[in-house]
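**Student:** the following comprises the amino acid sequence and a computationally predicted model.
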Amino acid sequence: MTPETTDTQPRHFLDVDDLSETELLAVLDRADEYKRAVEAGEDHADLSGQTLGMLFQKASTRTRVSFETGMTQLGGHAIFLGEDDIQLGRGEPLKDTSRALSRYVDAVMARVFKHENVEVLAEYSSVPIVNGLTDDAHPCQTLADLLTIREHEGGFDDVSAVWIGDGNNVAQSFALGCALTDVDLTVATPEGYGIDDDVIERARDLGGDPTITADPVEAVTDADIIYTDVWISMGQEDERDVRMNDFDGFQVGSDLLEHAPDASVMHCLPAHRGEEITDDVIESDRSIVFDQAENRLHAQKALLSWLLE
Ligand code: CP
Ligand code: NVA
């Protein structure tokens, strides 16, 4: 299936619910095909001659390298645009940046602070805008997460996933992804760190019904997937002391895993060992974090080729 577009409006991917369930599954299936093609060494230059602009206001390892490598493997090209390397860093409005980039490149992936910044980019862009992480959402991560869950669990039926820790950008997009794929989700966060109410509403609109709790042990009992992320996201460094105190008891360590003997452990990375997750858990055979990291490549290639075809 191909993306539905109008003559004037490209499709954007600002959060997971920009895709229908059918479209999401089509992207995941395409990701499987690309993964097989890479493993078999088969040529798949589906974006030959196309260029991706990659706008970054925040640091990145996986997002930057997987998008750039992905474009190379698809026969295209990617340009790294650090905020301070372009006129945006000297005050050029985002709406002008977006219109100018649209005249050169075929799609833009943007990692920014405020979510409204990707919305402005999309409003003024004549090419697809892909959210590479905002303060509120990380939908490309969710594509890789769902691909990883499907690989490890053999499908989405009867899978129960638990999010532990901060109800942050990664958690919010994951909640929408679980709702779209009917993965049963429990979210365990300290008081005041939950997923935003509007995201819960959007998940419910998609047919999800996340269970909300502040009890990590109750949450993980008999889970298939346990997923965590840092307690201090990029831009929250000043809140470190308060957060370290508030998240006490939410660490994914071997004690907690005793309550979920069959669970695999996920983390979007980068991890802060000794904070939200212990070193022994991330290095254990329960950990599927590097499969997740690899799947960023395959999932994003699928998304780009689907958006650009
Ligand atoms: N998971 C993720 O987005 O990693 P980077 O910050 O390294 O891109
Ligand atoms: N929640 C983290 C994810 C990094 C990939 C952050 O926003 O810093």
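**Tutor:** Received the coordinates, thanks. Residues are numbered from 1 along each chain as shown. Ligands and ions are numbered 1, 2, ... in the order given.
**Student:** report the secondary structure state of Leu52.
**Tutor:** Following DSSP: H, G, I helix; E, B strand; the rest coil, Leu52 is assigned to strand.
**Student:** list the beta-bridge partners for it.
**Tutor:** Ala78, Ala107 (DSSP bridges).
**Student:** residue contacts, it?
**Tutor:** Leu52 is in contact with 67, 71, 76-79, 105-109, 304, counting by C-beta atoms under 8 Å, 6 or more residues apart in numbering. Every C-beta, even on glycine, is put in place using the N, C-alpha and C of the backbone.
**Student:** burial check on Glu191, number of neighbours?
**Tutor:** Glu191: 7 surrounding residues under other C-beta atoms under 10 Å.
**Student:** didn't it look like it was pressed against Thr213?
**Tutor:** No. Assessed by C-beta atoms under 8 Å, Glu191 is found out of contact with Thr213, at 11.0 Å.
**Student:** re earlier: for ChimeraX, what selects the buried ones among the contacts of Leu52?
**Tutor:** In ChimeraX, a selection of the buried entries from the contacts of Leu52 looks like this (16 or more other C-beta atoms under 10 Å):
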select :67,71,76,77,78,79,105,106,107,108,109,304
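**Student:** spatially nearest residue to Pro10 (excluding sequence neighbours)?
**Tutor:** Pro128 (4.7 Å; C-beta to C-beta, 6 or more residues apart in numbering).
**Student:** what's the distance between the one you found and Leu25?
**Tutor:** Per C-beta to C-beta, to the nearest Å, Pro128 is found 19 Å from Leu25.
**Student:** more neighbours: those two, which one.
**Tutor:** Pro128 (23 against 17).
**Student:** any idea how far Leu52 is from that one?
**Tutor:** Taking C-beta to C-beta, one finds Pro128 at 10 Å from Leu52.
**Student:** joint contacts of these two?
**Tutor:** By C-beta under 8 Å, 6+ apart, the residues touching both Pro128 and Leu52 are 107-108.
**Student:** show me where the stretch 151-300 of the chain has its helices.
**Tutor:** Secondary structure of the stretch 151-300 of the chain, counting by DSSP state H, counting those that start in this stretch: helices at 169-181, 197-205, 216-220, 240-246, 254-257, 279-282, 289-308.
**Student:** nearest to Asp96, of those helices?
**Tutor:** helix 289-308 (23.1 Å; C-beta to C-beta).
**Student:** pull out the buried positions in the closest one.
**Tutor:** 289, 291-308.
**Student:** averaged pLDDT, it. What do you get?
**Tutor:** The predicted model assigns helix 289-308 a mean pLDDT of 98.
**Student:** okay but Ile225 is in contact with Ala263, surely?
**Tutor:** Yes. Between Ile225 and Ala263 there is a contact under C-beta under 8 Å: 6.3 Å.
**Student:** what residues do those two have in common as contacts?
**Tutor:** Residues touching both Ile225 and Ala263 (C-beta under 8 Å, 6+ apart): Val162.
**Student:** more crowded one of those two?
**Tutor:** Ile225 (27 against 22).
**Student:** quick one: contacts for the residue lying closest to the more buried one once chain neighbours are set aside?
**Tutor:** Spatial nearest neighbour of Ile225, chain neighbours left out: Ala161 (4.0 Å); criterion: C-beta to C-beta, 6+ apart. Applying C-beta under 8 Å, 6+ apart to Ala161 gives the contacts 149, 174, 178, 183-186, 223-227.
**Student:** roughly how far does Asp158 sit from Gly208?
**Tutor:** 15 Å.
**Student:** same deal with Val265?
**Tutor:** 22 Å.
**Student:** just Arg243 next, same as before
**Tutor:** 27 Å.
**Student:** how close does Ala299 sit to Gly208?
**Tutor:** Distance from Ala299 to Gly208, by C-beta to C-beta: 20 Å.
**Student:** follow-up on the earlier one: adding distance to Gly167, write the contacts of Leu52 out as CSV.
**Tutor:** Output for the contacts of Leu52, formatted as CSV (distance: C-beta to C-beta, whole Å):
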residue, distance to Gly167
Phe67, 26
Met71, 32
Gly76, 36
His77, 37
Ala78, 31
Ile79, 34
Val105, 34
Asp106, 34
Ala107, 29
Val108, 28
Met109, 24
Leu304, 29
